[in-house]
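Engineer: quick check, what structure comes out for this input:
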Amino acid sequence: METKFIFVTGGVVSGLGKGITAASLGRLLKNRGYKVANQKLDPYINVDPGTMSPYEHGEVFVTEDGAETDLDLGHYERFTDENLSANSSITSGKIYKKVIEKERRGDYLGKTVQVIPHITDAIKEKIYQFEKMGIDVVITEIGGTVGDIESQPMLEAIRQIGLENKDNRCCYIHVTLLPFISGSNELKSKPTQHSVKELQSLGIKADILVARADTTIPSNMKDKIALFCNVKKENVIENTTVNDLYEIPLMLEKNGLANAVCEKLELKNTKPKNEKWEKMVQNIAKAKNKKTVNIAIVGKYTRLEDSYLSIAESLKHGALANGVKVSISYIDSETVDNKNAKKVLKGIDGIIVPGGFGSRGIEGMISAIKYARENNIPFLGICLGMQMAVIEFARNVLKLKDVNSEEFDENCKNPVIHIMLDQKVVRQKGGTMRLGAYPCVLKDGSYARKIYGKKNISERHRHRFEFNNNYRTQIEQAGLKIVGTSPDDKLVEMVELKNHTFFVAGQFHPEFKSRPDRPHPLFVEFVKKARQKMSK
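Structural biologist: Numbers count the residues shown, from 1 in each chain. Okay, the predicted model is just below:
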């Protein structure tokens, strides 16, 4: 079949859940048998989110092919269980960079380079690329809110795509807000009307409205919205607050979103196979009445919880697999030291030290790891967390002096973490970077091998410093075992501590591959051990 295009825009205010709507729709169409791909068009001028602080947009999600992307791609992958690529994350910066490079090469033959057609053509090219990949339905979310100056070229591009194709190839979904005014005890449709009017002024007519509301939308309100926004009443889709994120696809299914899309795109509306998802949501609801495992994420970006969104979701997946709830404490690593670690981490059943860059807060991470190691508390180190575990062990068990990472102190005497200059350069800022999926071989008899249940694995990376092989022998002899390496044995990928309930750390980011219905084994085992500690 020819590729169909769905465009998801947002109005009134940000944060209404365009990304979750797009991800949920992807799951509903996949459950109808269609091959689906999600895509995010972000208006900001950064080439990618990789150089941005997590406080700007939350975590940087990494795809299999090494693209540093917006966190919405994590939602897409978790909901659809499809691995996305660099083509699923497009920013204005990428588009302008490509167009300017073409102009510098003379590709435009001396013509004046303009937003229309050159920028819009470059955007359309990124959307149309999915036609070559055998994708049935592309769901493209446009970041920001209609009316933002930054997103106008992207909105113009998707308008043109609708003009270039038959009506049954394109569907425009607008996510908007129905605010509830407590004084008059009613929902108000005027913000939605203005938002739709703004969209129409740009030449785009919404086919479907997804109306975000905290209460049920009365039938007469849907009539009013349909009339004033020029959409069918059945295409005014109620998007109400639910108890859990993963209930949203089923709520939107019940309210008719997928049916409306199938009708607009003339897709065969087969009965959706939602049974597994429904069972998973039921299990989530049941777990709310069960025991709660308390997990601490000790990191440097804890002021914004979205900085560790994939880790939080992976913990939920692991908790679901163990039939428990999980409560996450976000602890600023700058507030932890050897003296107060016991007090700060009191009542915690498991500790995660996540990834990050820069020297701020690392001593607190090391103190938290020391506390976990000495008190037999389950510990999972992720990327920087593994490096800190190695530094902590070298300092406090090997008793080496002046131990650090070259990232923080280039002149330290014992750089147990250093930069490997023979790695390929994948980004200009900062030199070397390992990005995307890399293979790892797990040692026979290791705990990690038992957890994964196989010898050869692949995990996603985002870092530039590595374990210093000059310290392999003495660190292993002291008890911190190297249990995962690259196939050529040059790069250390995983370490674990013997005679500990769970002390495992990886140079990679396992959270990027965890799914609610297919949880990552590391998080399943970590929560299992945390639950056992809680029970003692």
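Engineer: only C-alpha atoms from now on, for both contacts and neighbour counts.
Structural biologist: Fine.
Engineer: who's in contact with the host helix or strand of residue 227?
Structural biologist: In the assignment (DSSP states H and E), residue 227 maps to helix 219-229. Residues outside helix 219-229 that contact it (C-alpha atoms under 8 Å, 6 or more residues apart in numbering) are 189, 192, 193, 196, 197, 231, 232, 233, 236.
Engineer: I'd like the next helix or strand past it.
Structural biologist: With elements assigned by DSSP H and E, the helix or strand that comes after helix 219-229 is strand 236-240.
Engineer: so what touches that next one?
Structural biologist: When contacts are defined by C-alpha under 8 Å, 6+ apart, strand 236-240 is touched by residues 208-217, 222, 225-226, 251-252, 255-257.
Engineer: distance check, residue 149 against residue 185.
Structural biologist: Per C-alpha to C-alpha, to the nearest Å, residue 149 is found 34 Å from residue 185.
Engineer: err, residue 53, not the other one
Structural biologist: For residue 53, the distance to residue 185 - C-alpha to C-alpha - is 40 Å.
Engineer: next, the angle from the helix holding residue 227 to strand 236-240.
Structural biologist: Helix 219-229 runs at 130 degrees relative to strand 236-240, counting by axes from the mean of the first three to the mean of the last three C-alpha atoms, to 10 degrees.
Engineer: ok, back up a step: neighbour count winner among residue 53 and residue 185?
Structural biologist: residue 53 (15 against 8; other C-alpha atoms under 10 Å).
Engineer: distance check, the more buried one against residue 210.
Structural biologist: As judged by C-alpha to C-alpha, residue 53 and residue 210 stand 31 Å apart.
Engineer: swap in residue 274?
Structural biologist: For residue 274, the distance to residue 210 equals 21 Å [C-alpha to C-alpha].
Engineer: CA atoms only: put stretch 204-219 into CSV for me.
Structural biologist: The C-alpha trace of stretch 204-219 is given here as CSV (Å, rounded to 0.1, in the frame of the first residue of the first chain):
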residue,chain,number,x,y,z
ILE,A,204,-4.3,23.6,7.4
LYS,A,205,-7.8,22.2,8.2
ALA,A,206,-7.8,19.9,11.2
ASP,A,207,-9.5,16.5,10.4
ILE,A,208,-9.6,15.4,14.0
LEU,A,209,-9.4,17.3,17.3
VAL,A,210,-8.0,15.6,20.4
ALA,A,211,-9.5,17.7,23.2
ARG,A,212,-7.5,17.6,26.5
ALA,A,213,-9.8,17.9,29.5
ASP,A,214,-9.8,16.9,33.1
THR,A,215,-13.5,16.0,33.0
THR,A,216,-15.8,14.2,30.6
ILE,A,217,-16.8,16.4,27.7
PRO,A,218,-20.6,16.8,27.4
SER,A,219,-22.3,15.9,24.2
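Engineer: okay, buried residues for it please.
Structural biologist: 204, 205, 206, 207, 208, 209, 210, 211, 212, 213, 214, 217 (16 or more other C-alpha atoms under 10 Å).
Engineer: so how far is it from its chain's centroid?
Structural biologist: Its chain's average C-alpha position is 26 Å from that of stretch 204-219, according to C-alpha atoms, centre = their mean, to the nearest Å.
Engineer: I'd like the average pLDDT over that stretch.
Structural biologist: For stretch 204-219, the mean per-residue pLDDT is 95.
Engineer: and what of stretch 440-453?
Structural biologist: Here the average pLDDT along stretch 440-453 is 98.
Engineer: what does that stretch rub up against?
Structural biologist: With C-alpha under 8 Å, 6+ apart, stretch 440-453 has contacts from 454-459, 483-487, 493, 496, 504, 521-522, 525.
Engineer: so where is the stretch 301-450 of the chain shaky, pLDDT-wise?
Structural biologist: 421-432 (pLDDT under 70).
Engineer: quick one: the strands in it?
Structural biologist: Under the criterion DSSP state E, counting those that start in this stretch, strands of the stretch 301-450 of the chain are mapped to 325-332, 350-353, 379-382, 403-405, 414-419, 434-442.
Engineer: nearest to residue 104 among these would be which one?
Structural biologist: Nearest of these to residue 104, taken as C-alpha to C-alpha: strand 434-442 at 28.5 Å.
Engineer: chain center to the closest one, what's the gap?
Structural biologist: The chain centroid and the centroid of strand 434-442 are separated by 18 Å under C-alpha atoms, centre = their mean.
Engineer: thought residue 65 was touching residue 89?
Structural biologist: No - Residue 65 is beyond contact range of residue 89, at 11.8 Å (criterion: C-alpha atoms under 8 Å).
Engineer: quick one: which of the two has more around it?
Structural biologist: Taking other C-alpha under 10 Å, residue 65 and residue 89 do not tie; residue 89 has more neighbours (25 against 15).
Engineer: which residue, other than its chain neighbours, is closest to the more buried one?
Structural biologist: Closest residue in space to residue 89, ignoring its immediate chain neighbours: residue 40 at 5.1 Å, by C-alpha to C-alpha, 6 or more residues apart in numbering.
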